[in-house]
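K.L.:
Coordinates for the following, if possible.
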Amino acid sequence: MNEGNSLNNNEKQVSNCFNERKFIMLKIILLLFLFLFRQIIFNNKQNIEKLTYKSLNINKYKKTIKLTEGGFLEVFENNDKTNQIETKHGKIYKSEILYLSIPGGAYEYVSKREGPPIAKKFFSFGYSSAVLIYSVYPHSYPACYEQGLQAIKILSSKFKKIILIGFSAGGHLAGLLGTTKRNKIYNVIGMVLCYPVISFYQKFHKKSRNYFFGNKVKNNKKNQKLFSIEYRVNSDTVPTFIWTVKKDKIVPYENTLYMIEKLKKYKILFESKIYEEGRHGIALADRSSIYKRNKEYYNKEIAKWPILASNFFEKLIKNK
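P.N.:
Presented below is the predicted three-dimensional model:
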């Protein structure tokens, strides 16, 4: 009898030990499952966010407006009435703020990579957006400048605040508009200058300067200074977000330094970023910006500039 009880007790101990191990294993499996489930949800959320931007079709919101001398304006009005910004004077919908993209192209052509993709990006943030398609060579100054003013006047009748985004030579055109007296540029409250052509006088981009002047304006020292943005900055210049890449082989990064120096001198609110790596024409710097399979157009750090720029101006709007 004692021997039987001893065997039963041993069996019970083995059974309890087995059940305990089984419970621990089930617990581990459950924890692993929960961890994997959480990762799947997190990754799906990230993929959905990426998909929202990549698959966003803003063409259904597009309205094309003809400008003088063959230029035109593509407007993407955002109808979202959920995103608001609290200001000192009340609320403003993000969709009432418009980012106007002015692509580069050395005044020889208008870059497609710095137009609709930029408008799409800022539209995805909840803002309205637009692209200025301006006249280029053989057209020259003042056609592009007048088209810029015309576009701003049209947009100011619809949108409360306008922010210019200029790339390369488009940065020069944005700079011309952004250094115009405030009472002449309607609702423009700021500009974003991306690897911009600033100077026609020192360390300049020869092609941009030549095509800008064309055959109408004399390419002499007087006009080179007159149309250099660093010599146009004054107390009426709008707040500026400016960035470039140090290894730019087309537009010397010193152009950005000239602008920063003058913004400081006139105490204009600004934020600047000078990236060590990268190249000219990098645009959004995300995977959608890769040009001819060249991975030099992709840079995770530079790709943050749209959100940095929008945060800069959102803070500005909140405090005004």
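
K.L.:
tell me the SS of Ile162?
P.N.:
strand (DSSP: H, G, I helix; E, B strand; the rest coil).

K.L.:
My read is that it contacts Ile152, right?
P.N.:
Yes. Taking contacts as CB atoms under 8 Å, Ile162 lies within contact range of Ile152: 6.4 Å. All C-beta atoms are positioned from the backbone trio N, CA, C, and that covers glycine.

K.L.:
between the two, what contacts are shared?
P.N.:
Leu100, Tyr186, Asn187, Val188 (CB atoms under 8 Å, 6 or more residues apart in numbering).

K.L.:
Look up phi and psi at the last one.
P.N.:
Same thing as Val188. Phi and psi for Val188, reported as degrees, to the nearest 10, are phi -70, psi 120.

K.L.:
what do you get for the second one?
P.N.:
Geometry field for Tyr186 lists phi and psi as phi 50, psi -120, criterion degrees, to the nearest 10.

K.L.:
May I have the residues that are in contact with Ile162?
P.N.:
When the contact criterion is CB under 8 Å, 6+ apart, the partners of Ile162 are Ile97, Leu98, Tyr99, Leu100, Ile152, Leu155, Ser156, Tyr186, Asn187, Val188, Ile189.

K.L.:
And for Ile133?
P.N.:
Contacts were defined as CB under 8 Å, 6+ apart; by that measure Ile133 touches Gly71, Phe72, Leu73, Glu74, Pro103, Val110, Gly115.

K.L.:
Try it again at 10 Å.
P.N.:
When contacts are counted by CB atoms under 10 Å, 6 or more residues apart in numbering, Ile133 is found next to 64, 67, 70-74, 102-103, 110, 112, 115, 147, 151.

K.L.:
got the residue ranges for the strands in the protein?
P.N.:
Along the chain, the segments classed as strands by DSSP state E run 62-66, 72-76, 84-87, 90-93, 97-102, 128-133, 161-167, 188-194, 240-245, 270-275.

K.L.:
Please produce CSV containing those strands, extended by distance to Met25 and mean pLDDT.
P.N.:
Shown next, in CSV, are the strands of the chain (distance: least, CB to CB, whole Å; pLDDT from 0 to 100):
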stretch, distance to Met25, mean pLDDT
strand 62-66, 59, 96
strand 72-76, 56, 97
strand 84-87, 52, 90
strand 90-93, 55, 92
strand 97-102, 56, 98
strand 128-133, 55, 98
strand 161-167, 57, 98
strand 188-194, 56, 97
strand 240-245, 54, 98
strand 270-275, 51, 97
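
K.L.:
for those strands, which one sits closest to Asn215?
P.N.:
The stretch from the strands of the chain with the least distance to Asn215 (CB to CB) is strand 128-133; that distance is 22.0 Å.

K.L.:
List the buried residues in stretch 271-283.
P.N.:
Applying a neighbour-count criterion of 16 or more other CB atoms under 10 Å, the buried positions in stretch 271-283 are Glu271, Ser272, Lys273, Tyr275, Gly278, Arg279, His280, Gly281, Ile282, Ala283.

K.L.:
Low-confidence stretches in the stretch 51-200 of the chain?
P.N.:
In the predicted model of the stretch 51-200 of the chain, residues 51-54, 182-184 satisfy pLDDT under 70.

K.L.:
State the number of residues packed around Asn220.
P.N.:
By the criterion of other CB atoms under 10 Å, Asn220 has 10 neighbours.

K.L.:
Need the pLDDT of it.
P.N.:
At Asn220, the pLDDT value in this model is 91.

K.L.:
which phi and psi does it have?
P.N.:
Comment: the main-chain dihedrals of Asn220 come out as phi -110, psi 170, following degrees, to the nearest 10.

K.L.:
ok, now which ones touch it?
P.N.:
Contacts were defined as CB under 10 Å, 6+ apart; by that measure Asn220 touches Phe213, Leu226.

K.L.:
For ChimeraX, write a command that selects the buried ones of the contacts of Ile133.
P.N.:
For the buried members of the contacts of Ile133, the matching ChimeraX selection, counting by 16+ other CB under 10 Å, is:
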select :67,71,72,73,74,102,103,110,115,147,151
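
K.L.:
Now do the contacts for the spatially closest residue to Lys153 that is not a sequence neighbour.
P.N.:
The spatially closest residue to Lys153, leaving aside those adjacent along the chain, is Tyr186, at 5.8 Å (CB to CB, 6 or more residues apart in numbering). Under the criterion of CB under 10 Å, 6+ apart, the contact partners of Tyr186 comprise Leu149, Ile152, Lys153, Ile154, Leu155, Ser156, Ser157, Phe159, Ile162.

K.L.:
And those residues, which of them are buried?
P.N.:
Leu149, Ile152, Ile154, Leu155, Ser156, Phe159, Ile162.

K.L.:
now the fourth one: how far from Glu77?
P.N.:
With the distance defined as CB to CB, to the nearest Å, Leu155 ends up 10 Å from Glu77.
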